[in-house]
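Q: output the structure for:
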Amino acid sequence: FSPMITDYGARGVKISSKEAVSMAATLGIKGRNFFSCDPAQFDEGDNVMSIAYAPVVGAGSAYVAWEDGTGASWRPAACATYVNLDVSQFWEDGT
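A: Numbers count the residues shown, from 1 in each chain. Now for the predicted structure:
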């Protein structure tokens, strides 16, 4: 995780939702090589849900992925598609 943040800083990249999802997906337990979604290593994984939250007062999003399949067809959440959920409706409108 630390090398990812150091790399973003060295390149002057601000951590946006895209980078946050990338970090969450990388950290999801899918096998010995966190950077790989090679099914050959999935027997060592157990990543059921993977979530990144981008907080913004009055707005914001949650990016969520979940595991798929069973047995030999199982894929960890971190190797699945992330869905963007708009959470702005859950903020009080201030009135």
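Q: residue 90 versus the spatially most central residue of the chain, what's the distance?
A: By Cα atoms, centre = their mean, the chain has its centre lying nearest to residue 24, at 3.3 Å. Distance of residue 24 to residue 90, computed by Cβ to Cβ, to the nearest Å: 20 Å. Placement of C-beta: from N, CA and C, glycine included.
Q: same check, this time on residue 69
A: Distance, residue 69 to residue 90, by Cβ to Cβ: 31 Å.
Q: between the two, which one's more packed in?
A: Each of residue 69 and residue 90 has its neighbours counted (other Cβ atoms under 10 Å); residue 69 has more, 11 against 8.
Q: convert the C-alpha atoms of the strand or helix carrying the residue nearest to the centre of the chain to CSV, please.
A: Element membership for residue 24 (DSSP states H and E) is helix 17-27. C-alpha atoms of helix 17-27 as CSV (Å, rounded to 0.1, in the frame of the first residue of the first chain):
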residue,chain,number,x,y,z
SER,A,17,-12.0,7.9,-6.8
LYS,A,18,-10.2,6.1,-9.6
GLU,A,19,-7.0,5.7,-7.5
ALA,A,20,-9.0,4.8,-4.4
VAL,A,21,-10.7,2.0,-6.2
SER,A,22,-7.4,0.8,-7.6
MET,A,23,-5.9,0.7,-4.1
ALA,A,24,-8.9,-1.2,-2.7
ALA,A,25,-8.7,-3.7,-5.5
THR,A,26,-5.0,-4.2,-5.0
LEU,A,27,-5.3,-4.8,-1.3
